[in-house]
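**Student:** please find the sequence and the predicted model below.
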Amino acid sequence: MQRPLSLFLVLSGVLGTASAAPPAPHRVFIAGDSTAATYGAERAPQAGWGQKLTHWIAEGWDVHNHAVGGRSTRSFIDEGRLDAIAAELRAGDVLLIQFGHNDAKREDATRYTDPATEYPQRLQRFVEVARANGATPILITPVARLLYDFRSLVDTHGRYTLSMQDLAKRENVALIDLNAASSDWIRAHGEEGAKPYFMHVPAQGKTDGTHFSEAGADAVACLVAAGWRGIDADAPVKAVTANECNALPAPPAAPVSPSVVVNERDIAIEQPGPHEGLGTTTAYPFFSDATGFDLVFRKRAFHRGATIGDHVNDKDEIYYVLSGRGRLTLNDTVREVGPGDAILTRNGDRHALEQFGDEELVIFIVYRPVAR
């Protein structure tokens, strides 16, 4: 018996629908450094704007965050990370490209790129890879640091920002000026008001004006979305403006811990000599859990033969000798120190300290924690 045509069409439609593959999601890839990277719960409250971009992306779009801490255009390419992105890219994808923080590290040949030559040349590699795979490249100028000098925000990326802007014009590449937008965002809050958006976390001993708290990462992701919408009215992001991003609230600052009196016998910690030094010491980390206080203040007793190993400073420090004798090496100078001597060692200088004699060498140490 011949089946009715209408039944055949219905069955054909059902079978056709069942066998059709769902449309592939549109995808945004991110190539960048630690400011955009994804962090696990163990690094809380640190977060990168790349991991927060999903809050601002349009429905039906996936974010693939390839940003990794410490990378520059040079090291990202040399480690094969751009090749890994190229292997995944397909027509219709978008590649967001933000570098500059680590390209400026002149002291590290594995990362440094000259802003006038190598930096734009390597950025162009990212652009070419995107276009060769049918994807859309978007350059993003490096996000600003929270760094003030005489009440003015310091632009730490100037030549790299200009170089990227020139490349965008020359190669007709879309550009989000995140450096300008994030600078305006910081100025809107002021130096103190912006700190909760960054890794200024007294409880962790951090005063980091480069990396973001979760609130800061979300605000910067919002600025990326606003910048994208600003250059493309059809961008696959929520309709948001920079002013709305600037108004996103920060978490409340940690309450300032109260005044307190501690006794050193209750906080003493036995430790080896710092910086791979010899022997043993007793450290007294006064007020290490205090909040709203960004100085480290500790006493250290060097037992017989103990040393601070020869090392290059990553911060400014003050030592004050309470008792005992020591032999201080400061750059190319060696001298004995004793009670009443105060030592200022500067960031970038080399020093070592060795206890000698029968009496323990006891010093006070004061410094601001270095940003990590």
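**Tutor:** Looks like it arrived, so ask away. Residues are numbered from 1 along each chain as shown.
**Student:** would you check that Ile318 makes contact with Tyr367?
**Tutor:** Yes. Under the contact definition of C-beta atoms under 8 Å, Ile318 touches Tyr367, with a separation of 7.0 Å. Heads up, the C-betas are built off the backbone N, CA and C, glycines and all.
**Student:** who's more crowded, these two?
**Tutor:** Tyr367 (18 against 14; other C-beta atoms under 10 Å).
**Student:** phi, psi for the more buried one please.
**Tutor:** Backbone torsions for Tyr367, taken as degrees, to the nearest 10, come to phi -160, psi 160.
**Student:** quick one: it and Glu317 touch, right?
**Tutor:** Yes. Counting by C-beta under 8 Å, Tyr367 does reach Glu317; the two are 4.3 Å apart.
**Student:** name the nearest residue to Val321, sequence neighbours excluded.
**Tutor:** Leaving aside its chain neighbours, Val321 sits nearest to Asp341 (4.6 Å; criterion: C-beta to C-beta, 6 or more residues apart in numbering).
**Student:** ditto for Leu167
**Tutor:** Pro120 (4.4 Å).
**Student:** dump the residue contacts of the one you found.
**Tutor:** 163-164, 166-167 (C-beta atoms under 8 Å, 6 or more residues apart in numbering).
**Student:** please, which helix or strand holds it?
**Tutor:** Using DSSP states H and E, Pro120 maps to helix 118-132.
**Student:** list the buried residues for that helix?
**Tutor:** Of all the residues in helix 118-132, those buried under the rule 16 or more other C-beta atoms under 10 Å are 118-120, 122-124, 126-127, 129-130.
**Student:** and the contacts of the helix or strand that comes right after it?
**Tutor:** As assigned by DSSP H and E, the chain's next helix or strand after helix 118-132 is strand 136-140. Applying C-beta under 8 Å, 6+ apart, the contact partners of strand 136-140 are 32, 93-98, 123, 126-127, 130-131, 164, 167-168, 173-176, 178, 224, 227-228.
**Student:** restricted to buried residues, select these in ChimeraX.
**Tutor:** Listed next is the ChimeraX selection for buried residues among the contacts of strand 136-140, using 16+ other C-beta under 10 Å:
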select :32,93,94,95,96,97,98,123,126,127,130,164,167,168,173,174,175,176,178,224,227,228
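**Student:** and the contacts of strand 136-140, which of them are in strands?
**Tutor:** 32, 94-98, 174-176 (DSSP state E).
**Student:** which regions of the stretch 201-350 of the chain sit below the pLDDT cut-off?
**Tutor:** 203, 253-254 (pLDDT under 70).
**Student:** where along it do the helices fall?
**Tutor:** 214-231, 242-246 (DSSP state H, counting those that start in this stretch).
**Student:** can I get the CA coordinates of the first one in PDB?
**Tutor:** In this case it means helix 214-231. Output of helix 214-231 as PDB, limited to C-alpha atoms (Å, rounded to 0.1, in the frame of the first residue of the first chain):
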ATOM      1  CA  GLU A 214      38.300  39.100  40.800                       C
ATOM      2  CA  ALA A 215      36.500  42.400  40.900                       C
ATOM      3  CA  GLY A 216      39.300  44.000  38.900                       C
ATOM      4  CA  ALA A 217      39.500  41.200  36.300                       C
ATOM      5  CA  ASP A 218      35.700  41.500  35.800                       C
ATOM      6  CA  ALA A 219      35.900  45.300  35.400                       C
ATOM      7  CA  VAL A 220      38.700  45.000  32.800                       C
ATOM      8  CA  ALA A 221      36.800  42.200  31.000                       C
ATOM      9  CA  CYS A 222      33.900  44.700  30.900                       C
ATOM     10  CA  LEU A 223      36.300  47.300  29.400                       C
ATOM     11  CA  VAL A 224      37.400  44.900  26.700                       C
ATOM     12  CA  ALA A 225      33.700  44.200  25.900                       C
ATOM     13  CA  ALA A 226      33.000  48.000  25.800                       C
ATOM     14  CA  GLY A 227      36.000  48.600  23.600                       C
ATOM     15  CA  TRP A 228      35.000  45.900  21.300                       C
ATOM     16  CA  ARG A 229      31.400  47.200  21.000                       C
ATOM     17  CA  GLY A 230      32.900  50.700  20.400                       C
ATOM     18  CA  ILE A 231      34.700  49.500  17.300                       C
END
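**Student:** next, the angle from that helix to strand 94-98.
**Tutor:** Between helix 214-231 and strand 94-98, the angle comes out at 120 degrees (axes from the mean of the first three to the mean of the last three C-alpha atoms, to 10 degrees).
**Student:** list the helices and strands helix 214-231 packs on?
**Tutor:** strand 46-47, helix 49-52, strand 136-140, strand 174-176, helix 178-194, helix 242-246 (3 or more C-beta pairs under 8 Å, 6 or more residues apart in numbering; DSSP states H and E).
**Student:** in that helix, what counts as buried?
**Tutor:** So helix 214-231, judged by 16+ other C-beta under 10 Å, has buried residues 214-229.
**Student:** repeat that for the shortest one.
**Tutor:** Within helix 242-246, the residues scored as buried using 16+ other C-beta under 10 Å are 242, 245-246.
**Student:** make TSV from the residues you listed and add distance to Glu270 to it.
**Tutor:** Rendered in TSV, the data for the buried residues of helix 242-246 read as follows (distance: C-beta to C-beta, whole Å):
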residue	distance to Glu270
Ala242	53
Cys245	49
Asn246	49
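**Student:** do you know how far the residue most central in space within the chain is from Gly69?
**Tutor:** When C-alpha atoms, centre = their mean is applied to the chain, the residue found nearest the centroid is His211 (3.5 Å). Applying C-beta to C-beta, to the nearest Å, the value for His211 to Gly69 is 9 Å.
**Student:** any common contacting residues for those two?
**Tutor:** Joint contacts of His211 and Gly69 (C-beta under 8 Å, 6+ apart) are Ser34.
**Student:** isn't Lys238 right up against Ala225?
**Tutor:** Yes. Using C-beta under 8 Å, Lys238 makes contact with Ala225 at a distance of 6.1 Å.
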